[in-house]
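A.B. asks: after the sequence you'll find the predicted model.
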2 protein chains.
Amino acid sequence: MAHIALKNEELPGIVGLLNYRHETAKPLLDLAETLLRGPSSLTSGEREIIAASVSWWNQCHFCHTSHAAAAAAHLDSGLNLINDIKAGLPNTEVSDKLRALLNIAHQVQRAGKNVTDADVAAAREQGATDSEIHDTVLIAAAFCMFNRYVDGLGTWSPQPNEAYKEMGERMAFVGYGKS
Amino acid sequence: MAHIALKNEELPGIVGLLNYRHETAKPLLDLAETLLRGPSSLTSGEREIIAASVSWWNQCHFCHTSHAAAAAAHLDSGLNLINDIKAGLPNTEVSDKLRALLNIAHQVQRAGKNVTDADVAAAREQGATDSEIHDTVLIAAAFCMFNRYVDGLGTWSPQPNEAYKEMGERMAFVGYGKS
């Protein structure tokens, strides 16, 4: 049970929190929509993989599984991607550029100052642009927020990967804050 | 120098980042405005103390000093508050409720799952309401994002506390995303 009375106990993870406080839900959803589905030279699939990986490193089951399911929907890859993200994507075709950006995201997850010139240079060497590096850092930072919001208030979440299939498709193809 | 070419090198901390990417600036500023200056039973001074404390724990000099200066402006306390936040507020009159909420914020800063039933019960015992606990968790989580955004992209920041006086007053009395 969540740490506070949300009065919508059937809604899992961040869904109940967004429903509890509409004033903060709006900018949070706008941020997710812009970062994950707005115009970018990174595909939405790549951006959802970054979001899901950070959520996994932060041990946030709800955010990891739902965003990995969204990535799977974008990439039409099947739900195995959810577990593959936990293992560092050994069975998924991922560009060297995305691997270098995931390394930056992992540094951000640990602490902002962990990102080194060498991390950034390695991403550039694989063709990452300034705006892609910017968005990777902000996606990683934003999920350090979303993960703490979801777990800091003790929300519940469905366990099995399959329970996130439809949610992931809605996140991918309908969007954040849309119905 | 920042990790990417912001083309506005004179702007410190998050200011240069917001100027670099307007699409993400809007929801980030809306979130800060709602959390720190929107309607709440916590005063803006209290909420800025939470923001500044989390930023200090994350070792983000720009966010810590600017939000502590904003708290000082709200509380009309003088800039000594900036250093007092680093020390855990030994010289500032702070309610037991705010101290209990700061404990929750510190748990969130470490990891979302660190918040325990006992942390929440201790805050309730000091009179904290559900919406105050919610906002404390979200402020702490949001500053785990802002701090990583500012430091993950290697932005520069003025060193001396005095350099943040006017900025803090503007954040307190004009607001976020307003000019």
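C.D. replies: Right, received. Where do you want to start?
A.B. asks: who's in contact with the residue nearest to A:S41 when sequence neighbours are not counted?
C.D. replies: Nearest-residue entry for A:S41: A:E132, 6.1 Å, with adjacent residues in sequence omitted and distances by C-beta to C-beta, 6 or more residues apart in numbering or on different chains. Every residue, glycine included, has its C-beta placed from N, CA and C. Contacts for A:E132 (C-beta atoms under 8 Å, 6 or more residues apart in numbering or on different chains) come out as A:40-42, A:97, A:101, A:123.
A.B. asks: now whichever strand or helix holds A:E132: buried residues?
C.D. replies: Counting by DSSP states H and E, the element that carries A:E132 is helix A:130-152. The neighbour-count check on helix A:130-152 (16 or more other C-beta atoms under 10 Å in any protein chain shown) flags A:130, A:132-152 as buried.
A.B. asks: just want the most central residue of chain A.
C.D. replies: Within chain A, the residue whose C-alpha comes closest to the C-alpha centroid is A:A51; the distance, by C-alpha atoms, centre = their mean, is 2.2 Å.
A.B. asks: what's the closest non-adjacent residue to that residue?
C.D. replies: A:H67 (4.3 Å).
A.B. asks: and the next helix or strand past the helix or strand hosting that neighbour?
C.D. replies: A:H67 is part of helix A:61-75, with elements assigned from DSSP H and E. Once the chain leaves helix A:61-75, the next helix or strand it forms, by DSSP H and E, is helix A:80-86.
A.B. asks: helices or strands next to that following helix in the packing?
C.D. replies: In terms of contacts (3 or more C-beta pairs under 8 Å, 6 or more residues apart in numbering or on different chains; DSSP states H and E), helix A:80-86 is packed against helix A:44-57, helix A:61-75.
A.B. asks: A:L18: which of the ones you listed is closest?
C.D. replies: If you check each of these against A:L18 by C-beta to C-beta, helix A:61-75 wins as the nearest, at 12.4 Å.
A.B. asks: what packs against the closest one?
C.D. replies: Helix A:61-75 sits against helix A:13-20, helix A:44-57, helix A:80-86, helix A:130-152, helix A:165-173, with contacts defined as 3+ C-beta pairs under 8 Å, 6+ apart.
A.B. asks: if we use 10 Å, what do you get?
C.D. replies: Applying 3 or more C-beta pairs under 10 Å, 6 or more residues apart in numbering or on different chains; DSSP states H and E, one finds that helix A:61-75 makes contact with helix A:13-20, helix A:22-37, helix A:44-57, helix A:80-86, helix A:130-152, helix A:165-173.
A.B. asks: now that helix and helix A:165-173, what's the angle there?
C.D. replies: Relative orientation of helix A:61-75 versus helix A:165-173 (axes from the mean of the first three to the mean of the last three C-alpha atoms, to 10 degrees): 60 degrees.
A.B. asks: go ahead and confirm the residue nearest to A:A51 touches A:W56.
C.D. replies: Yes - with contact defined as C-beta atoms under 10 Å, A:H67 counts as touching A:W56 (9.3 Å).
A.B. asks: what about the two, which has more around it?
C.D. replies: In this view A:H67 and A:W56 are compared by other C-beta atoms under 10 Å in any protein chain shown, and A:H67 has more residues nearby, 32 against 23.
A.B. asks: let's have the helices and strands packed on helix A:61-75 in CSV, adding distance to B:L31 and mean pLDDT.
C.D. replies: Supplementary listing: the helices and strands packed on helix A:61-75 in CSV, determined by distance: least, C-beta to C-beta, whole Å; pLDDT from 0 to 100:
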stretch, distance to B:L31, mean pLDDT
helix A:13-20, 13, 95
helix A:22-37, 4, 98
helix A:44-57, 17, 98
helix A:80-86, 27, 98
helix A:130-152, 9, 98
helix A:165-173, 20, 98
